[in-house]
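Colleague: quick one, what's the 3D model for this:
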Amino acid sequence: MNMRLRAATVLLLTGLALSGTLHATERQPFSVLDLVTLHRVADPAVSPDGKRLAFTLRSTDLSANRGRTGLWLLDLTRRRAKPEPLMPDSGNDSAPQWSPDGTQLYFLSSRSGMQQIWRIPVTGGTAIQVTHFPVEVDSFRLSPRGDRLLLSAEVFADCADLECTAARLQRNAGHVASGILRTHLPVRHRGFSNDGRRSLLFSVAQDGGLLTGPVVNLTAGLDGDVPREPSAASEDYVFSPDGTQVVFGIQVAPTARPGAAAWTSNSDLYVVPAVGGPPRNLTASNPAADTQPRFSPDGSHLAYLATERPGDDSDRRRLMILDWKSGTVHPLTQDWDRSIDRFSWLPGGKTLVARARHLGQRPLWLIDAASGRASAISGSGTVGDFSVGNNRIVYASDDLASPPDLYAVAFTGGRVVRLTHVNPDLQSRRMGESEQFDFSGAQADRVFAYLVKPAQFRPGRTFPLAVLIHGGPHGSMANGWQWGWNAQGFAGAGYAVLLIDFHGSSGYGRAFADSIRADWGGKPLEDIQKGIDAALARYRWLDGKHLCALGEGYGGYLVNWIAGNLPDRFSCLVSHAGVFDNRSLYYSTDRLAFPEWEFGGPEYANPAAYAHQNPMDHVKDWKTPMLVIHGGMDDRVPFAQGLAAFTALERRGIPAELLDFPDESHRITKPANSMQWYEVVIDWLNRWAGDSAATP
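Modeller: Here you go, the predicted structure:
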């Protein structure tokens, strides 16, 4: 481990030294160092008059081993205008929101030592701290009139004010004994210990950046949590257009039993006066998830996303329309077999814009508010964050060869305009070309895949193959840029990369996704085998004798399953956060609703389903060299699963290594750890499958 870390440091320093000597014409292959140090664009926000764009830009501080975010502005009225930083003294600023008059930007910042709400004039000046709460602000939203703030924070629900939570945390920190007495689930969630705090929603009046009223708990009396993740939290609460009411989403348990939220996916929408009062449930009739409330511009309708099946985290999300006056609800996209993951109204209230996966892409769609008819208005690739202006939509987009940049398209579609080039140095790097193809998979269904060529590709050579298996299992590893499991990272190292959207993947309809319930190791494995065969037949330069399978989460499950069911197909395997034993995982994961849906109930009620296609039961047939990777803070697939796989490999005498990240969760996020991850993985591939990389 230490030797590998030293080697990663040498690689890093060498890469930095070389980067200053390269000429633009030499075009070196894309490297892991390039990947880790790329700028990342997010949070686009168009000003109320549509003339300016604010966004967040993340840079990598290698010496501090962390990312740093700052706010940037772009003049949309000038052709070829270049973005400019709003503040030179960035203190991890993010989530920009415009004041109603467009003169101020409100944002989140940790520059004071604790994340709070700040604001700054867009013409320049000094940033002013708006909130000085004793707890961190996780997310926020400014009212349409600018006179009130909504914010989410983690607090002890029995505390009367925020100061009570801060005082209790300080007392707990002073205890010599470190034990935490648990009374119900979840014990941990997404890398954070459950110490009894809840994620709640608050409202406070403000005037010109000065708080003028008490902090009011809008979720008082509700036994649930608003989303904790900053990217999702502000999506799940909204002011009415006149600013007098708030609609918010909250995960609620189906019973009053403490801990029941751990085995449900139910969430409801509530309405409450913005100044506080008793919340009223708007979606009590739906026992599944109701999320992302959005008022139409005139306030006459509330649109939101809803699933139909309780417990199914990956169910299709339909767009629903609630008539605010009558209270009647109708599903707008019931007949569209795609799942929407984000949407917004366009001015006028007759059309909505949404993003949804479709056949290996995730474009923007226009949806008619009357008929529900959808039409794509962006090209190939994957759309990320987007913001609606007064005549166009600004959005982030990426693909297999390009990290995210910002683009604009008119409401009616048509020509797409690129607004930013946040990583201009990529022009001096060779990227692997990609091509989508399809083949006949399990049950003779049409299955889509991408093949990425090595960056060093030239005719007459053969190259080894890395098969990257996505997680989920209802995810997709198609035409999009991944910061982890990046296809170009492997292509730059001399490997062809195969990405298969096997049965269960999203973007191909509900039946395709549902087809793997209680069949995790069946149709997906058949698709992977047939996809490899199709790629070898289509691309004759691939070396079918030198190939490795790599997967994370469910992809790691499939790698462990491959080890016992295709022991002679692959030269090597890489299992990251992979499931080793479905039965014991049920009792240790932080999200019980997911396995209960996939396997038809709790493990104790249906043990046969959990034992079916269980990797642990096929260890006697393992023989392929395997690299096991796991984060010590992983709550979705706890570390014991990776340790068990490594123990099995060691006891069987199979070549194996365990890369243990004690300070990481389900994914690797720290820059130095990411560098080490790629170095160790590529070294493993080179050792077992790299023989043909230099074959003439």
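Colleague: what about stretch 364-384, average pLDDT?
Modeller: Regarding stretch 364-384, the rounded mean pLDDT is 96.
Colleague: ok now it, how far from the chain's centre?
Modeller: The chain centroid and the centroid of stretch 364-384 are separated by 21 Å under C-alpha atoms, centre = their mean, to the nearest Å.
Colleague: go on, stretch 134-146?
Modeller: Centre-to-centre, stretch 134-146 and its host chain are 22 Å apart (C-alpha atoms, centre = their mean).
Colleague: okay, buried residues for that stretch please.
Modeller: Buried residues in stretch 134-146, counted by 16 or more other C-beta atoms under 10 Å: 135, 137, 138, 139, 140, 141, 142, 143, 144, 146. Bear in mind the C-beta positions are built from the backbone N, C-alpha and C, glycine included.
Colleague: contacting residues for the last one?
Modeller: By that I understand residue 146. Contacts for residue 146 (C-beta atoms under 8 Å, 6 or more residues apart in numbering) come out as 99, 100, 101, 206.
Colleague: do the first one as well
Modeller: Going by C-beta under 8 Å, 6+ apart, residue 135 touches 114, 153, 154, 155, 162, 165, 166.
Colleague: kindly recompute the last result at 10 Å.
Modeller: Neighbouring residues of residue 135 by C-beta atoms under 10 Å, 6 or more residues apart in numbering: 114-116, 153-156, 159, 162-166, 169, 197.
Colleague: now the buried residues of stretch 134-146 in TSV, with secondary structure?
Modeller: Below are the buried residues of stretch 134-146 laid out as TSV (DSSP: H, G, I helix; E, B strand; the rest coil):
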residue	secondary structure
135	coil
137	coil
138	coil
139	strand
140	strand
141	strand
142	strand
143	coil
144	coil
146	coil
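Colleague: how about those, which pair is most distant?
Modeller: 135 and 144 (26.3 Å; C-beta to C-beta).
Colleague: which parts of the stretch 51-200 of the chain are strands?
Modeller: Counting by DSSP state E, counting those that start in this stretch, the stretch 51-200 of the chain has strands at residues 52-61, 66-75, 84-85, 93-98, 104-109, 116-121, 128-129, 139-142, 148-156, 188-189, 192-193, 197-207.
Colleague: for the last one, buried residues please.
Modeller: I take that to be strand 197-207. Using 16+ other C-beta under 10 Å as the test for burial, strand 197-207 gives 197, 198, 199, 200, 201, 202, 203, 204, 205, 206.
Colleague: just the pLDDT for the fourth one.
Modeller: Read that as residue 200. Note for residue 200: predicted pLDDT of 94.
Colleague: ok so, going back, between the strands of the stretch 51-200 of the chain, which one is nearest to residue 626?
Modeller: For those, the distance to residue 626 is smallest for strand 188-189, at 26.8 Å, taking C-beta to C-beta.
Colleague: ok, now which ones touch residue 278?
Modeller: By C-beta under 10 Å, 6+ apart, the contact list for residue 278 reads 220, 221, 270, 272.
Colleague: tell me the SS of it?
Modeller: Put simply, residue 278 is coil when judged by three-state DSSP.
Colleague: go on, residue 560?
Modeller: Three-state call for residue 560 (three-state DSSP): helix.
Colleague: right, and it touches residue 621 too?
Modeller: No. Residue 560 lies out of contact with residue 621 (C-beta atoms under 10 Å); the separation is 11.6 Å.
Colleague: okay, these two: which has more neighbours?
Modeller: More neighbours surround residue 560 than the other of residue 560 and residue 621, with 31 against 13 (other C-beta atoms under 10 Å).
Colleague: got the contact list for the nearest residue to that one once chain neighbours are set aside?
Modeller: Leaving out its chain neighbours, the residue that sits closest to residue 560 by C-beta to C-beta, 6 or more residues apart in numbering is residue 615, at 3.7 Å. Listed by C-beta under 10 Å, 6+ apart, the contact partners of residue 615 are 520-521, 556-565, 575, 578-582, 622, 641, 644-645, 648.
Colleague: per-residue confidence for residue 615?
Modeller: If you check residue 615, the pLDDT there is 98.
Colleague: residue 531 contacts residue 448, correct?
Modeller: Yes. Under the criterion of C-beta under 10 Å, residue 531 makes contact with residue 448 at 9.3 Å.
Colleague: what bridges to residue 156?
Modeller: residue 197 (DSSP bridges).
Colleague: what count of nearby residues applies to it?
Modeller: Each residue near residue 156 was counted by other C-beta under 10 Å, and the total is 19.
Colleague: might you report the residue contacts of it?
Modeller: Neighbour list for residue 156: 135, 162, 164-169, 195-198, 200 [criterion: C-beta under 10 Å, 6+ apart].
Colleague: show me how far stretch 495-502 is from its chain's centre.
Modeller: Here stretch 495-502 shows a centroid-to-chain-centroid distance of 20 Å under the convention C-alpha atoms, centre = their mean.
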